[in-house]
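Asks: This is a predicted model, with the sequence first.
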Amino acid sequence: MKPNTQLTKAFIAMMVFAAGFGTAYAGWTSHTLHVSYALAVLALAAVTSRMKVKLPGIDGNMSVNLPFLLLAVVNLSAIEAVAIACVSTAVQCWPKPGSKFRPDQMLFNVSMMAFATSIANLIWNAHWLGSTAWASEPLMLASTTAAFFLGQTAPVAGIIKLAEGAALRRIWTSIAQLSFPYYVLSAGLTSMVNLASRHLGWQAALVVFPVMYGIYRSYRLYFAHNAQALQPAPLAHSARAGA
């Protein structure tokens, strides 16, 4: 199947509209700002956004800044959380020296993160969900992380399908299988930092940085090893070439 350029542009425009609506709602519902905490989380999210690994078999990468985005959602105002997600995503997508800048890719990724963050914040602050008898903070955090997970993976799978013409279900399944453990780990780290911050303040978020750097290094080594293992041996490759 050939990629449909018009549908791809329409999908990006739809994501921009959804992000704009979500951001407007976040601004409307935000009241108390936490400037010091927000600036600290923004700095950590921006730095870790550059720690990204290439997902095998998919035209995309994954950064290790998710715990800081979750911390922003559950501890800051909605507009602060959306702003942190947008800025860190822009930093993540900024090309390296010598690489080509792709404004359409930047626009989609920033819009997608604004949409996912606003949806996650809506779930976290849903009074009807928090007032149920079975509700608890861990369950609310799990629901918020699930909203983040779907808000990111579903649009990414959709844009890849339109751009490359691959099967949507296969793309989303591949993304989900590769990233789901990372979302579970990020939710666990967020829960621990929230518990520690009650005694240490926002500085507890600094502890997450070396952990995420270690995870980044582990992911890179793991994916690099898998990619190398999938490559044919030089002798076998030469034999096939000469057959």
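Replies: That came through fine.
Asks: tell me the SS of residue 53?
Replies: strand (DSSP: H, G, I helix; E, B strand; the rest coil).
Asks: nearest spatial neighbour of it, skipping sequence neighbours?
Replies: residue 219 (4.4 Å; C-beta to C-beta, 6 or more residues apart in numbering). Where C-beta positions appear, they are placed from N, C-alpha and C, glycine not excepted.
Asks: Who are the contact partners of the one you found?
Replies: 53, 62, 64, 182 (C-beta atoms under 8 Å, 6 or more residues apart in numbering).
Asks: which of the residues in the helix ranked longest in the chain are buried?
Replies: When the chain is scanned for its longest helix (criterion: DSSP state H), the result is helix 168-200. The neighbour-count check on helix 168-200 (16 or more other C-beta atoms under 10 Å) flags 171-172, 174-175, 178-179, 182-183, 185-187, 189-191, 193-194, 197 as buried.
Asks: Over to stretch 85-103?
Replies: So, applying 16+ other C-beta under 10 Å, buried residues of stretch 85-103: 85, 86, 87, 88, 89, 91, 92, 93.
Asks: what's the answer for stretch 197-215, then?
Replies: 197, 202, 204, 205, 208, 209, 212, 215.
Asks: Please export the C-alpha coordinates of that stretch as PDB.
Replies: Output of stretch 197-215 as PDB, limited to C-alpha atoms (Å, rounded to 0.1, in the frame of the first residue of the first chain):
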ATOM      1  CA  SER A 197       8.800  14.100  48.000                       C
ATOM      2  CA  ARG A 198       6.500  14.300  51.000                       C
ATOM      3  CA  HIS A 199       9.600  14.200  53.100                       C
ATOM      4  CA  LEU A 200      12.300  15.600  50.800                       C
ATOM      5  CA  GLY A 201      10.300  18.000  48.700                       C
ATOM      6  CA  TRP A 202      10.600  18.400  44.900                       C
ATOM      7  CA  GLN A 203      14.400  17.600  45.100                       C
ATOM      8  CA  ALA A 204      13.400  13.900  45.300                       C
ATOM      9  CA  ALA A 205      12.800  14.100  41.500                       C
ATOM     10  CA  LEU A 206      16.600  14.500  41.100                       C
ATOM     11  CA  VAL A 207      17.100  10.900  42.200                       C
ATOM     12  CA  VAL A 208      15.300   9.600  39.100                       C
ATOM     13  CA  PHE A 209      17.900  11.100  36.700                       C
ATOM     14  CA  PRO A 210      20.700   8.600  37.200                       C
ATOM     15  CA  VAL A 211      18.100   5.800  37.100                       C
ATOM     16  CA  MET A 212      16.800   6.900  33.800                       C
ATOM     17  CA  TYR A 213      20.300   7.300  32.400                       C
ATOM     18  CA  GLY A 214      21.000   3.700  33.400                       C
ATOM     19  CA  ILE A 215      17.800   2.600  31.700                       C
END
